Structures are given as C-alpha cells and as structure tokens.
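[1] The sequence and its predicted three-dimensional model are supplied below.
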Amino acid sequence: MASTGYIERVMEIVTKRNAGQPEFLQAVGEVLDSLKPVIKKHPEYEEAGLLERIVEPERQILFRIPWQDDQNKVHVNRGMRIQFNSALGPYKGGLRFHPSVYVGIIKFLGFEQVFKNSLTGLMMGGGKGGTDFDPKGKSDSEVMRFCQSFMTELYRHIGADADVPAGDIGVGGREIGYMFGQYKRITKQFEGILTGKGLDWGGSLVRTEATGYGCVYFCDEMLKGKKDSFEGKTVIASGSGNVAIYSHEKVTQLGGKVVAMSDSNGYIYDKDGINLDTVKRLKEIERKRIKEYVNEHKSAEYTEGCSGIWNVKCDVALPSATQNELDGKAAETLVKNGCIAVAEGANMPCTPEAVKVFLNSGTLYGPGKAANAGGVATSGLEMAQNSQREAWTFEEVDAKLNKIMVNIYKSASEAAEEYGTPGNLVNGANIAGFTKVASAMMAQGVV
Ligand code: NDP
Ligand code: 2IT
C-alpha cells in the first residue's frame, strides 16, 4: 500500500523547492492530482522515490549570452536548457525566445514535455530551453548574431542522441537555421541536432504545419466521439504564430471557419472567415502586427487587448498563443456562448479554473500535452528521417502525424475510462503519459 498523503508530501517538497515559480507549480500540481489512482495501484513507486525524481529535472543549464546590436552596443541575455527526463530517449523539446522567459517557465514546459513526448509513442525524453531575448523589432543580423552566441554555449550540451532542441515561441525556421549553421561551424558535424530545419538541409515536410494540423486532428477525434465534425463550425484560434496559422489552415480544409485570431496586442474578428494568406504574409514574411489585417479586409474589426477574443461567439476554441491566456471567466463566457470543444494548441493556455469550467460543463476539452503533441511527434519523424538519411513525402508524414494524434486520443480516452473518470482527457493524458515514463524509470534503477 502506498502510504496516504504521498502525493501531497511530494507537492509540499516541490512547492518549497520551487518558490517563485508559479507556472511550474501549476503544471506539477495538475499532473500529480491526476495520478492519485495510479499511485494507489502502484505502491512500489513510493519506495522507489519515483514522484520525487520525476518532478526534479535531471539537469539545468544556465548561461550568459552576450551579443552586439547593429550599433555595436553590447547586450547580455540569459540562456537556459532544462534536460528534464531521459527515461524514454534523448531530451527533446523546443527553445522559447521571449522576454517573459525565466527558469520557472522553461521548467513547466520541460515537465509537460516529458509526458507529451511519452504520449506520442516515439522514443523521446523531455527538455526545454530558451532565453529572455526579445526577437521583436530586431534586424535579421541582430537575430543571427544572437542565435550564434546562444549556440556557442548550447552546442556542448546537445547532440543527435543526447538532446535535440526545436522551435517554440519566437523561434521558427530563421532562428533554427542560424543556430544550425553555428553548431556546424563549431563542431564540423552535419547532424540532426535540431528539428524544424529547412527542407533542403534535413528538415521534414509537415513539421511547419504539424502542431496546428495535429491539434485539429485531435479536436476532430473529440468531435467524432460525439458523432460531430468541423463541418460548418465557427472557430477561434488565438495567437497568429505557427500554431494558430496552421490550425486555421486545417480547420478550413475540414469545412470550418476561423473568425478570430490575435497577437499580444489585440485580436481581429472577421465574420466572413479570416483570410489566411493575408495573416501568413503579415506574420511570416513581413513580421507585422495583427491589427494591420483590418487595413486590407474591410469586413474585419480589430480590438485592442488580446483577452477579449474569448467573448467572440464560437463552436470550437483553439487557444494557441501562450500559458494562462484563457481564465475561468473567459471559459464561462465561451460555454455560455455555445462553445462545445476546446483543444489546446498552446502549452497550458487554460488556467486551472478554466479547465474546471470546461470539465464540469461537459465541454470537450483536449489538454495541451495531448492536443499539441503533433509538433514534437513530427520532430520525432524528422529525427527518424535524419538517421536514415531519407526524406519522406508530405503525404507520408501527414498520414503518420494523423495516426499518432488518433492514437493519443485513444490512449488518453482509454486511460480516463480505466481509472474511473471517463471523458476526462486531463486525467487520461496525464496517466497515459506518466505510466510509460514511470515503468521505464523503474526498469532503469535509481538514477
Ligand atoms: P509563435 O512565436 O509562432 O507565435 C506565438 C503567438 O502567440 C504570437 O501571435 C504571439 O503574439 C502570441 N503570444 C506569445 N506570447 C504571448 C503573450 N505573453 N501574451 C499574448 N500573446 C502572446 O509561437 P508558436 O505558435 O510556435 O507557439 C504558440 C504556443 O504553442 C506556445 O504556447 C508554444 O509553447 C505552443 N506549442 C508550439 C509548438 C510548435 O511546434 N511551435 C508545439 C507545441 C506547442 P506576439 O507576436 O504579439 O508576441
Ligand atoms: O512545446 C512543444 O512541444 C514544442 N515547442 C515542439 C518541440 C519539438 O521538439 O518539436
């Protein structure tokens, strides 16, 4: 028998040890809460100190990133890579470049990544990295010099079979290219040490689209469970970055209409459906603000402030910008307006209060570690292609991505059912992700 209060005791340790890191405590608290029935079934986990180990990163690397702007002024940012858990494979997870980045955010993301990667069924451990550098308003040369300085330290900690970073907020194809070039220059090795690479030099087709497409595939599975589909649905996809853009693309292909998108300044609403070509050009090429959209589309309105987006009436919400962007009040508004499904494109975009509202109201709710796992899954497929020195077709990768998302939905639903909370994909995803990592850690001894 596991002694009563094991989970609570572990949470106490985590709270004490990680004071001042609310996002990390939020992510750990949610997972531990789901694990109660699993711990009851596996008393041996307590003796093995399994939870104490799983909540502590294996390694945390912090470093200085000095770089010079176009006026030769020197700036110093802080870089970090958190290698959270390698029970299932090399550390894998993105790099975030955003001024809000500090250890607590990267730790929450690394912790989530461990279970997300497990859910994909591919052999990947979990990690995350980043910096408080803000790429907004910087020239290409400044971003290049920054990326080179970042990699000048990071290169010694990563490797195709050790740790394979990728993109996240503020890191896309441009940044991955600059970092890959610097790694190659320092080590003279052309290796798959990053994913999200360009298609001509080792990248995988569908990686750019993967998180958004995967999130919509996942949501489609939730809808199918209710004999429903995206056909004719009105959809909000918050954010206007990589995840929001490709969610929009797939929703549209499946017969839905995305009417609202945002950035950190505000949101646009277009009742006719947002024109994706305009958003792609503004965001991917010109790197402009979303409010510029209304200059080109008279049917659209712009509202200052991004949190107002949840007041827009919709059938399906895909929060795809950042953590805690959708709170309890926003969730109540969505439910009141008839929203039937929420799938998290972003990591932890819904606050715990919002999650409660969705679960209690019977709204279909797909948590990020399940719904947005398509990005890292396709990174795993990129690693497989790199190892084989092969490149698969778009159709091949897309079919594999779809199958992975269907499987994630299936294993989360089945685990939810098996452990007594049918339909609760929060519990289901946490349990299904955890059990694989836990049994690997048990087999690998106290490390
Ligand atoms: P991008 O940098 O491409 O886009 C981020 C979008 O979110 C932008 O529109 C940005 O607006 C907005 N945003 C970022 N921070 C904030 C903030 N603090 N408040 C309000 N809006 C904000 O990033 P991605 O699309 O890649 O990532 C979005 C989310 O998806 C993140 O949570 C990420 O962790 C998650 N994710 C990404 C994956 C991927 O493969 N890229 C995989 C799985 C999850 P602005 O331009 O104004 O900053
Ligand atoms: O949060 C995530 O899963 C990502 N940013 C993608 C990570 C990856 O390694 O592709």
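    Yep, that arrived. Numbers count the residues shown, from 1 in each chain. Ligands and ions are numbered 1, 2, ... in the order given.
[2] what ranges do the strands span in the stretch 301-447 of the chain?
    In the stretch 301-447 of the chain, the strands defined using DSSP state E, counting those that start in this stretch lie at 316-318, 341-343, 364-366.
[3] Point out the most buried one among those strands.
    strand 316-318 (a mean of 30; mean count of other Cβ atoms under 10 Å). (C-beta placed from N, C-alpha, C; glycine too.)
[4] Now the phi/psi pair for the closest residue to residue 324 other than its chain neighbours, please.
    Spatial nearest neighbour of residue 324, excluding adjacent residues (Cβ to Cβ, 6 or more residues apart in numbering): residue 351 at 5.2 Å. Here the main-chain torsion angles of residue 351 (degrees, to the nearest 10) amount to phi -70, psi 160.
[5] Was I right to think residue 351 contacts residue 326?
    Yes - the criterion here is Cβ atoms under 8 Å, and residue 351 meets it with residue 326 at 6.9 Å.
[6] Now do residue 238, the pLDDT please.
    We have a pLDDT of 98 for residue 238.
[7] For it, give me its contacts.
    Residues near residue 238 by Cβ atoms under 8 Å, 6 or more residues apart in numbering: 244, 260-262, 267, 306, 309-310, 317-321, 325-326, 346, 349.
[8] Now do the one helix or strand residue 52 maps to: which elements does it pack against?
    In this assignment (DSSP states H and E), residue 52 forms part of helix 50-54. Helix 50-54 sits against helix 6-17, helix 425-443, with contacts defined as 3 or more Cβ pairs under 8 Å, 6 or more residues apart in numbering; DSSP states H and E.
[9] what does stretch 306-316 contact?
    By Cβ under 8 Å, 6+ apart, stretch 306-316 touches 219, 223, 230, 233-236, 238, 251, 256, 259-267, 269, 317, 321, 325-327, 330-331, 333-334, 337-343.
[10] mind checking the end-to-end distance for that stretch?
    18 Å (Cα to Cα, to the nearest Å).
[11] Is it in proximity to ligand 1?
    Yes - counting by Cβ under 6 Å from any ligand atom, ligand 1 is contacted by stretch 306-316 at residue 306.
[12] just to revisit the earlier point, relative to the helix or strand following the helix holding residue 52, what are the paired strands and their orientations?
    In the C-terminal direction, the helix or strand that comes right after helix 50-54 (DSSP H and E) is strand 59-68. Here strand 59-68 has these sheet partners by DSSP bridges: strand 74-85 (antiparallel).
[13] The partner strand and ligand 1, are they touching?
    No - figure legend: strand 74-85 not in contact with ligand 1 (Cβ under 6 Å from any ligand atom); closest approach 14.0 Å.
[14] got the CA positions of that strand in PDB?
    Extracted C-alpha coordinates of strand 74-85, given in PDB (Å, rounded to 0.1, in the frame of the first residue of the first chain):
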ATOM      1  CA  VAL A  74      26.700  45.000 -26.100                       C
ATOM      2  CA  HIS A  75      23.700  43.200 -24.600                       C
ATOM      3  CA  VAL A  76      23.600  40.300 -22.300                       C
ATOM      4  CA  ASN A  77      20.700  37.800 -22.100                       C
ATOM      5  CA  ARG A  78      20.200  34.700 -20.100                       C
ATOM      6  CA  GLY A  79      20.100  31.300 -21.800                       C
ATOM      7  CA  MET A  80      18.900  28.000 -20.400                       C
ATOM      8  CA  ARG A  81      18.400  24.400 -21.300                       C
ATOM      9  CA  ILE A  82      16.500  22.200 -18.900                       C
ATOM     10  CA  GLN A  83      17.100  18.500 -19.500                       C
ATOM     11  CA  PHE A  84      14.100  17.200 -17.600                       C
ATOM     12  CA  ASN A  85      13.800  13.400 -18.100                       C
END
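[15] Now do that strand, average pLDDT.
    What strand 74-85 shows for mean pLDDT is 98.
[16] now the angle from it to helix 425-443?
    The directions of strand 74-85 and helix 425-443 differ by 80 degrees, with axes from the mean of the first three to the mean of the last three Cα atoms, to 10 degrees as the criterion.
[17] Off-centre distance for strand 74-85?
    18 Å (Cα atoms, centre = their mean, to the nearest Å).
[18] and the angle for the following helix or strand past that strand with strand 59-68?
    For strand 74-85, the following helix or strand on the C-terminal side (DSSP H and E) is strand 91-97. If you take the same axes, to 10 degrees, strand 91-97 sits at 30 degrees to strand 59-68.
[19] mind starting the numbering at 17 from now?
    All set: I'll call the first residue 17, so the last point we hit is now strand 107-113.
[20] and strand 107-113, which strands flank it?
    When DSSP bridges is applied, strand 107-113 pairs with strand 142-147 (parallel), strand 179-182 (parallel).
[21] rewinding a little: with mean pLDDT as new columns, can the strands of the stretch 317-463 of the chain be given to me in TSV?
    Listed next are the strands of the stretch 317-463 of the chain as TSV, based on pLDDT from 0 to 100:
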stretch	mean pLDDT
strand 332-334	99
strand 357-359	99
strand 380-382	98
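[22] In TSV: those, plus distance to residue 67.
    Formatted as TSV, those follow (distance: least, Cβ to Cβ, whole Å):
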stretch	distance to residue 67
strand 332-334	32
strand 357-359	28
strand 380-382	25
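[23] out of those strands, nearest to residue 83?
    strand 332-334 (34.9 Å; Cβ to Cβ).
[24] For the stretch 67-216 of the chain, what lies in contact range of ligand 1?
    Residues of the stretch 67-216 of the chain lying near ligand 1 (Cβ under 6 Å from any ligand atom): 114, 116, 183, 184, 185, 186.
[25] which of the residues you listed lies closest to ligand 2?
    Of all these, the one with the least separation from ligand 2 (Cβ to the nearest ligand atom) is residue 184, at 3.8 Å.
[26] Give me the number of neighbouring residues for that closest one.
    27 (other Cβ atoms under 10 Å).
[27] what separates the nearest residue to it once chain neighbours are set aside from residue 440, distance-wise?
    Residue nearest to residue 184 in three dimensions, not counting chain neighbours: residue 110, with 3.2 Å by Cβ to Cβ, 6+ apart. When distance is defined by Cβ to Cβ, to the nearest Å, residue 110 is 27 Å away from residue 440.
[28] what does residue 322 give?
    29 Å.
[29] for stretch 343-353, which positions count as buried?
    343, 346, 347, 348, 349, 350, 351 (16 or more other Cβ atoms under 10 Å).
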